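1. Here is the input, now give the coordinates:
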Amino acid sequence: MAKPIMIQGTMSNAGKSILAGGLCRVLKQDGFRVAPFKSQNMALNSFITRDGLEMGRAQVMQAEAAGVEPDVCMNPILLKPTNDTGSQVIVNGEPVGTMSAVEYYRHKKEYIPAILEAYHKLEESCDVIVIEGAGSPAEINLKQDDIVNMGLAELVDAPVLLAGDIDRGGVFAQLVGTVMLLEEKERQRIKGTIINKFRGDVSILKPGLSMLEENTGIPVLGVVPYFYLDIDDEDSLTERFQKKGGTGLVDLVVIRLPRISNFTDFAPLEAMEEVNVRYVSSPADFGEPDGVLIPGTKNTIQDLLWMRQNGLEAKILQHAGRGGLVFGICGGYQMLGKEISDPEGAEQKGIVPGMGLLPVRTVFRKEKRRTRVQGHFLDMAGMLKDMSGTGIEGYEIHMGESYPVEEEPVHALVEFSEESGRERELRADGTQWKNVYGCYVHGIFDAPGAAKGFLAAILKKKGYDPGQIRVKDWKAHKEEQYDRLADIIRSSLDMEAVYKIIEKGNDAPCIL
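-> Numbering: from 1, shown residues only. You can find the predicted model right below:
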């Protein structure tokens with residue numbers, strides 16, 4: 001049976017996902033068969049597995065670091081917030097409905113069998129399972145029905161490493177306070193603490209580390225420095241949203257929608273030195289970009305109305321009216337059409353006019369399309385004409401279907417086959433009109449030719465030589481980032497102690 005080790009944090013964004021991913025990579029490098037696991041993930045960045053099931057991207061990142069194919073067993077419950085009080089609930093990759101927070105908490109213990117079934121399936125093929133918690137284990141109002149922190153640790157008998165974020169201040173209070181609020185049997189599970197995101201000379205921190213060990217009775221296993229790596233973050237907590245621009249040749253604006261999802265679609269563009277990618281939520285920050293990217297969203301109608309009210313829609317329309325490039329993916333594509341209709345209340349019942357930049361209308365249904373795809377761009381018009389025939393790969397996750405508006409001709413954007421389909425028949429998707437483009441394919445820029453072609457078109461219009469583009473192999477780039485992450489983990493943590501904890505589990509001593 002696989003041996004578990006669990007990373008918990010003192011708060012959201014303490015760095016659990018990245019630490020777990022780094023530990024997965026170290027274990028892989030050392031010859032272990034390893035898999036990540038998070039029983040319940042709340043995220044709008046999701047992914048479709050080869051068998052057409054949906055899971056959180058944080059566990060996809062960790063699976064990539066572990067060198068294994070992402071499997072929905074790694075994230076049996078995914079919550080995708082639709083508003084401030086409710087979420088779509090996805091169990092074992094399949095949506096089971098939309099619930100309010102109160103309703104979900106009333107029923108969530110019913111999902112324990114599904115969680116354990118997924119975990120035990122991973123055990124069959126692994127030596128070690130690296131488990132990630134969620135938020136804080138010391139949320140005393142939620143502990144009674146916990147299935148993701150100490151509740152899960154008890155279910156699978158996992159030892160715990162507790163991480164705190166020093167960058168936001170108060171890390172000693174975070175760690176000591178969290179330990180104090182736990183029950184004695186829960187404290188006994190914590191085998192070590194980690195201080196994460198440290199800037200500066202560690203020697204200055206040593207008196208504090210000694211005091212932390214005295215106050216908790218738990219050893220400090222290491223201090224992880226603040227670092228910059230190109231690795232997927234968790235949803236709206238990502239620091240990429242704070243970037244204000246740089247000195248690249250191309251300036252791209254991504255609309256930071258309130259319910260933005262799958263913004264990882266633009267990571268290959270962000271990784272290119274020639275490009276500045278800015279996430280904007282205000283017309284004042286829009287500027288005069290070379291292109292506008294409208295991402296996916298968990299609530300297309302509400303986020304479209306938000307853009308309409310705050311003035312960003314007007315900025316996009318002005319940009320398109322001047323012949324500027326606009327590219328929408330999934331919900332962003334739907335917004336660019338003439339009309340969005342929701343007759344069944346998949347998001348909210350009613351009909352709203354779209355931005356009118358593409359000759360399509362979208363109708364929402366309660367069924368969700370989930371599939372991996374592989375194909376190519378069709379004959380392209382406008383700025384992206386040189387991308388015709390360029391290969392693509394990615395996945396679809398959407399509840400709406402877009403149809404041509406009868407009185408206008410529609411030119412599809414891409415053609416592909418579905419990896420998760422049996423017949424693998426070619427299917428066209430998306431729409432283009434002048435310099436406005438949209439489709440449902442997430443990850444459309446992951447293929448090197450797609451990212452290069454998109455950037456080359458903009459550079460060509462600006463009078464630059466597209467031949468100077470340095471295109472990264474995105475998969476190789478990510479492998480390099482995971483190896484660098486492993487180097488940081490090895491140099492920062494007492495890996496000998498970590499391995500002893502993995503080997504002995506809860507028999508490992510936790511008292512100094």
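2. Now the element after the helix or strand bottoming out on mean pLDDT in the chain, going C-ward?
-> Lowest mean confidence among the helices and strands of the chain (mean pLDDT, DSSP states H and E): strand 414-418, at a mean of 84. The helix or strand immediately downstream of strand 414-418 is strand 427-429, counting by DSSP states H and E.
3. Give the partner strands of that next one in its sheet and their orientations.
-> Sheet pairing of strand 427-429 (DSSP bridges) gives strand 414-418 (antiparallel).
4. Send me the strand it pairs with as CSV with only the CA atoms.
-> The C-alpha trace of strand 414-418 is given here as CSV (Å, rounded to 0.1, in the frame of the first residue of the first chain):
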residue,chain,number,x,y,z
VAL,A,414,-10.7,25.4,-36.0
GLU,A,415,-11.4,21.7,-36.9
PHE,A,416,-10.6,18.8,-34.6
SER,A,417,-11.3,15.3,-33.5
GLU,A,418,-12.3,14.4,-30.0
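5. ok, which stretches of the stretch 251-400 of the chain are strands?
-> In the stretch 251-400 of the chain, the strands defined using DSSP state E, counting those that start in this stretch lie at 260-261, 275-280, 291-294, 296-297, 325-329, 339-342, 350-353, 360-377, 391-404.
6. buried sites along the longest one?
-> To tie it back to what came earlier, the one meant is strand 360-377. In terms of neighbour count (16 or more other Cβ atoms under 10 Å), strand 360-377 has its buried residues at 360-364, 368-377. Heads up, the C-betas are built off the backbone N, CA and C, glycines and all.
7. So which of the residues you listed is the closest to residue 155?
-> Closest approach to residue 155 among the buried residues of strand 360-377 (Cβ to Cβ): residue 370, at 28.3 Å.
8. OK, contacts around that closest one?
-> Neighbouring residues of residue 370 by Cβ atoms under 8 Å, 6 or more residues apart in numbering: 48, 52-54, 93, 395-397, 420.
9. Pick the one among those closest to residue 205.
-> For the contacts of residue 370, the nearest to residue 205 is residue 54 (41.2 Å; Cβ to Cβ).
10. who are the neighbours in contact with that closest one?
-> 46-48, 72, 78, 90, 93-95, 368, 370, 397.
11. Where do the domain boundaries of the protein fall?
-> As recorded under automatic domain parsing, the domains making up the chain are 3-74+104-231+479-507, 250-463.
12. Tell me which other helices or strands the helix ranked longest in the chain touches.
-> The longest helix of the chain (DSSP state H) is helix 474-492. Under the contact criterion of 3 or more Cβ pairs under 8 Å, 6 or more residues apart in numbering; DSSP states H and E, helix 474-492 touches helix 16-29, helix 57-66, strand 220-225.
13. With just CA atoms, put it into PDB.
-> Presented in PDB, the C-alpha positions along helix 474-492 are these (Å, rounded to 0.1, in the frame of the first residue of the first chain):
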ATOM      1  CA  TRP A 474       5.800  24.400 -23.700                       C
ATOM      2  CA  LYS A 475       6.100  20.800 -22.400                       C
ATOM      3  CA  ALA A 476       9.800  20.900 -22.100                       C
ATOM      4  CA  HIS A 477       9.600  24.300 -20.400                       C
ATOM      5  CA  LYS A 478       7.300  23.000 -17.800                       C
ATOM      6  CA  GLU A 479       9.600  20.000 -17.200                       C
ATOM      7  CA  GLU A 480      12.400  22.400 -16.600                       C
ATOM      8  CA  GLN A 481      10.300  24.400 -14.100                       C
ATOM      9  CA  TYR A 482       9.400  21.300 -12.200                       C
ATOM     10  CA  ASP A 483      13.100  20.300 -11.900                       C
ATOM     11  CA  ARG A 484      14.000  23.700 -10.700                       C
ATOM     12  CA  LEU A 485      11.200  23.500  -8.100                       C
ATOM     13  CA  ALA A 486      12.600  20.200  -6.900                       C
ATOM     14  CA  ASP A 487      16.000  21.800  -6.500                       C
ATOM     15  CA  ILE A 488      14.500  24.500  -4.300                       C
ATOM     16  CA  ILE A 489      12.700  21.900  -2.200                       C
ATOM     17  CA  ARG A 490      15.800  19.800  -1.700                       C
ATOM     18  CA  SER A 491      17.900  22.700  -0.700                       C
ATOM     19  CA  SER A 492      15.300  24.200   1.600                       C
END
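14. average pLDDT for it?
-> For helix 474-492, mean pLDDT rounds to 94.
15. Which positions within the next helix or strand after that helix qualify as buried?
-> Sequence order places helix 495-504 as the next helix or strand after helix 474-492, per DSSP H and E. Buried residues in helix 495-504, defined by neighbour count with 16+ other Cβ under 10 Å: 495, 497-499, 501-502.
16. do the same with stretch 403-412
-> With burial defined by 16+ other Cβ under 10 Å, the residues of stretch 403-412 counted as buried are 404-405, 410-412.
17. would you list those in JSON lines and tack on secondary structure and distance to residue 113?
-> Formatted as JSON lines, these follow (DSSP: H, G, I helix; E, B strand; the rest coil; distance: Cβ to Cβ, whole Å):
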{"residue": "404", "secondary structure": "strand", "distance to residue 113": "45"}
{"residue": "405", "secondary structure": "coil", "distance to residue 113": "47"}
{"residue": "410", "secondary structure": "coil", "distance to residue 113": "47"}
{"residue": "411", "secondary structure": "strand", "distance to residue 113": "49"}
{"residue": "412", "secondary structure": "coil", "distance to residue 113": "44"}
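18. Closest one of these to residue 468?
-> The nearest member of these to residue 468, counting by Cβ to Cβ, is residue 411 at 30.6 Å.
19. where along the stretch 1-150 of the chain do the strands fall?
-> Under DSSP E, counting those that start in this stretch, the stretch 1-150 of the chain gives strands at 3-9, 34-37, 40-42, 46-48, 54-56, 77-81, 86-91, 94-100, 128-132.
20. So which of these is the most surrounded?
-> Ranked by mean neighbour count, these are led by strand 34-37 with a mean of 28 (mean count of other Cβ atoms under 10 Å).
21. so what strands line up beside that strand?
-> Partners of strand 34-37, by DSSP bridges, with direction: strand 128-132 (parallel).
22. got the angle for the partner strand vs helix 57-66?
-> In terms of direction (axes from the mean of the first three to the mean of the last three Cα atoms, to 10 degrees), strand 128-132 departs from helix 57-66 by 150 degrees.
23. rewinding a little: state the pair within the contacts of residue 370 that is farthest apart.
-> Distance extremes for those: the farthest pair is 93 and 396 at 14.1 Å, using Cβ to Cβ.
24. If any of the contacts of residue 370 are buried, give me the PyMOL selection for them.
-> To isolate the buried members of these in PyMOL, using 16+ other Cβ under 10 Å:
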select buried, resi 48+52+53+54+93+395+396+397+420
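25. Tell me the one of the contacts of residue 370 nearest residue 158?
-> Distance to residue 158, by Cβ to Cβ, is smallest for residue 93 among the contacts of residue 370, at 23.3 Å.
26. show me what contacts the closest one?
-> Contacts of residue 93 by Cβ under 8 Å, 6+ apart are 49, 51-55, 72, 370.
27. Please identify which of the buried residues of strand 360-377 is nearest to residue 23.
-> Residue 23 has its nearest neighbour among the buried residues of strand 360-377 in residue 372, at 27.6 Å by Cβ to Cβ.
28. Kindly state the beta-bridge partners for that closest one.
-> residue 395.
29. For it, give me its contacts.
-> Residue 372 is in contact with 48-50, 52, 393-395, 418-420, counting by Cβ under 8 Å, 6+ apart.
30. With residue 399 instead?
-> Counted by Cβ under 8 Å, 6+ apart, residue 399 has contacts 346-347, 364-369.
31. sorry, back to before: mind putting the buried residues of stretch 403-412 in a markdown table, pLDDT and distance to residue 127 included?
-> A markdown table is the format used below for the buried residues of stretch 403-412 (pLDDT from 0 to 100; distance: Cβ to Cβ, whole Å):
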| residue | pLDDT | distance to residue 127 |
| --- | --- | --- |
| 404 | 89 | 53 |
| 405 | 87 | 56 |
| 410 | 72 | 52 |
| 411 | 85 | 52 |
| 412 | 86 | 47 |
